[in-house]
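1. how would this look folded up:
(chains A and B)
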Amino acid sequence: MRKLLGLAVLGLILLPTTPALAADPTDGPTPLQSITSAGTSFLTAVTIAPEQQVKVSAVTGDYLYWQFPATAGQRPEVTIDVTLPTSGRSGDHAWTVEVFDGLRRRQACVGGEQSPVAKTSDTTVTLGCRLRQVRSWAEPWDGDPLPGTYYVRLSSTDLPEKDLGLPLDVALSLKSPTGDTGADQGELAAPLVPNNQPGKLLTTPQPSASATPDDTSFDISMDWLPDFSSRWVWTVTGGIIAAITGLIGFSWTRRRRV
Amino acid sequence: MIHRKLSIVTATGLIAASAFLGATPAHADEPTPETEPPVVELVLDVSGSMKAADIDGQTRMTVAKRAFNEVVDALPETTQLGIRVLGATYGGDNKRLGCKDTQQIVAVGPVNRVAAKNAIATLKPTGFTPIGLALREAAKDLEGTGSARRIVLITDGEDTCTPPDPCDVARELAAQGTDLVVDTLGLAPDEKTRKQLVCISQATGGTYAAAQSEEELTDRIKQLVDRAAVPPPVTPATVQGAKDCASAPLLAAGVYTDRELIGEHRFYRVSVDAGRELRASVSIALDRPLNRDYGVLVKAATVDGRELVRGLDAGSGRADVISAGLRWSGDEEPALAATSDICLVVSNSFASSTAAGTPGMPVELSIDLVAASQAPDAPGLGRGWLLLFVLAIAGLVAGVLAGWLTRWWVATWREN
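-> Numbering: from 1, shown residues only, chains lettered A, B, ... in the order given. This next block holds a predicted model:
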């Protein structure tokens, strides 16, 4: 009995740390190293994790890419500080930060300054983008944020041609707080993680059955049990309240003894 | 009573455990492909103009040499490096001879630091600036090596050997190979040089930087070599989309590259079984000067042209690529998925006032087939204040009824 209780408690303690673990499986037990590079395309995007320090040197006109994993219930937020070149600027620079999901579909920012314009006199510019809460499931034709890879692209969309190629510094910070966990039902069968394997031309359709061996029959399936979420708290609390009010109702019908 | 407690505790533990296990597999299968060592070739302009002493009071050549030495010292062990020079040997006035003046002074391979530095030390600024030819030769040097090929072009002046226009050469080279990127670095560049270098880098998906001091030059070369040390995780397969669905190539899951002209439609076919989900994303690179607004559209359709789903994006201003993606589940129309392929149509709405012809713009097509997701049932658990209120009232009513029943039952039992 006590052991069981201990196990359950352990399970509950582990629970809140799960997103952090899932966010960067490659990093292991060592503290997060700071990142000093950025990719130049979707394929070469550099992987970052929440709370990881990212400081990159680049030049005006560069397109910088990073990627990070997100799980259902998270509300990723990217904040970027660009230290602009001190000399050589001849006009305003329009900057933008864009976030794409694993299918390279543009994701809407619901917070943060996504496309600021840096005046010639400005020394820094701050950009930010907060995503909607990542859903656990969405219809295939829907563009809602889903679990999987997310890409961040920082670029300047408009600047005088003369100002290209000047050195600058970029500092990025990523936060992934967990939002309302009970908001969604359903689960995506596979996260939106790009399948980075070389393509292959086919002459006849490939049998897909061999690709997914059907070995689920031996597992004890827990699919019917919803994952822990705020719904469990609401429902269990409701049950307790119902029991209490039930007792109250029962006591009302007792004859009062004076 | 004890049993009930025990089962609640176990259930809580199981819930927590399943949440823990459920969250990890999502990223456990992220690909860790083995890639060939990255290769990079530095192409250095050693033309007569490098004699100019305008960088921190020293000649451009001296500064470039020092920067090169520093970069060679800081090179990652895995990187394979080659160095090619242009305009280094022919000092005469004959343009025909001067424009053939380019040599590889360090062959592409694991870096021999001493040999590389010695080769750099002997360079003297001399002749013409045949950038186009040097790029062609550099691409040849890198042929057959590694998965991703990167050229870093460092020059202080524009090409003096046009034609061929180095920008056209760059676009042509990018269209031939799958993975050639030219990064350009202007040493105290003037306007013409800058425009040319920007054009070259844009045509190949590379970057442009200007260096006004030795520090800037060294920092930038190091940045570029560092980037080259992390090659892309995949070399896309080359594919040619067809003009209609019937003759379109049948694709498996993976990453492909193609070229698409402005206003062209390209068709591909994918076989999606019932129970599978098609995921496709398309990126078109803006490799040439274009009008301000543009867009890309990818459609999934049946073979006879009925649209199933579309993904689209539009933008304006500077950008390197524009992307769109879509999902289509075979479960939506199992009959269709069982009998025929799905057509993917990639089209664009670019417009250009200049060079709009062949080769087309680079298209990166990424296709994945995964298990289809089940639409969720009605929620098994509830939430919200209304739920609590309803349960409380239900409990109250049930309690009152139970009380009355008990009283009635006790009363009748006593009577009998």
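2. how about the helices of the stretch 151-258 of chain A, start to end?
-> Counting by DSSP state H, counting those that start in this stretch, the segments of the stretch 151-258 of chain A that form helices are A:230-252.
3. Pass me the low-pLDDT residue ranges in it, would you?
-> Within the stretch 151-258 of chain A, the segments meeting pLDDT under 70 span A:182, A:205-223, A:256-258.
4. which stretches of it form strands?
-> Along the stretch 151-258 of chain A, the stretches classed as strands by DSSP state E, counting those that start in this stretch are A:167-175, A:201-202.
5. B:Thr302 reaches B:Ser340, doesn't it?
-> Yes: the pair B:Thr302 / B:Ser340 is scored as a contact, 6.6 Å apart, by Cβ atoms under 8 Å. From N, CA and C alone the C-beta is placed, and that goes for glycine too.
6. Residue 69 sits in which helix or strand?
-> This is for chain A. Secondary structure here is read from DSSP states H and E; on that basis A:Pro69 sits in strand A:64-70.
7. oops, chain B please
-> Using DSSP H and E, the secondary-structure element containing B:Asn69 is helix B:60-74.
8. What residues of that helix count as buried?
-> B:Arg60, B:Met61, B:Thr62, B:Val63, B:Ala64, B:Lys65, B:Ala67, B:Phe68, B:Asn69, B:Glu70, B:Val71, B:Val72 (16 or more other Cβ atoms under 10 Å in any protein chain shown).
9. cool, stretch A:118-127 as well?
-> Neighbour-count burial for stretch A:118-127 flags A:Ala118, A:Val125, A:Leu127 (criterion: 16+ other Cβ under 10 Å).
10. residues in contact with it?
-> Taking contacts as Cβ atoms under 8 Å, 6 or more residues apart in numbering or on different chains, the residues outside stretch A:118-127 that touch it are A:79-84, A:86, A:89-97, A:112-116, A:154.
11. now with 6 Å?
-> Stretch A:118-127 is contacted from outside by A:80-84, A:89, A:91-93, A:95, A:97, A:113, A:116, using Cβ atoms under 6 Å, 6 or more residues apart in numbering or on different chains.
12. average model confidence for it?
-> Within the predicted structure, the mean pLDDT of stretch A:118-127 is 93.
13. Ok, stretch B:250-258 next?
-> Mean pLDDT, computed over stretch B:250-258, is 92.
14. now check that stretch, is it near chain A?
-> Yes: if you take Cβ under 6 Å from any Cβ of the partner chain as the test, stretch B:250-258 does meet chain A, through B:Leu250, B:Ala252, B:Ala253, B:Gly254, B:Val255, B:Tyr256.
15. which one of those residues has the most neighbours?
-> B:Tyr256 (25 neighbours; other Cβ atoms under 10 Å in any protein chain shown).
16. Go ahead and confirm that residue touches B:Thr238.
-> No: using Cβ atoms under 6 Å, B:Tyr256 is not in contact with B:Thr238; the gap is 7.3 Å.
17. Alongside chain A, which residues does the stretch 151-300 of chain B contribute?
-> Taking Cβ under 6 Å from any Cβ as the criterion, the contact residues of the stretch 151-300 of chain B with chain A come out as B:207-210, B:216, B:226, B:232-235, B:237, B:249-250, B:252-256, B:271, B:273, B:276, B:279, B:281.
18. Which of those fall in strands?
-> B:Tyr208, B:Ala209, B:Ala210, B:Ala237, B:Leu250, B:Gly254, B:Val255, B:Tyr256, B:Arg276, B:Arg279, B:Ser281 (DSSP state E).
19. any idea whether the residue nearest to A:Arg104 when sequence neighbours are not counted is helix, strand or coil?
-> With sequence-adjacent residues excluded and distances taken as Cβ to Cβ, 6 or more residues apart in numbering or on different chains, A:Arg104 is closest to B:Ser323, at 3.7 Å. For B:Ser323, the secondary-structure state derived from DSSP: H, G, I helix; E, B strand; the rest coil is strand.
20. Now for B:Ser323, how many residues are close by?
-> The local packing of B:Ser323 (other Cβ under 10 Å) involves 26 other residues.
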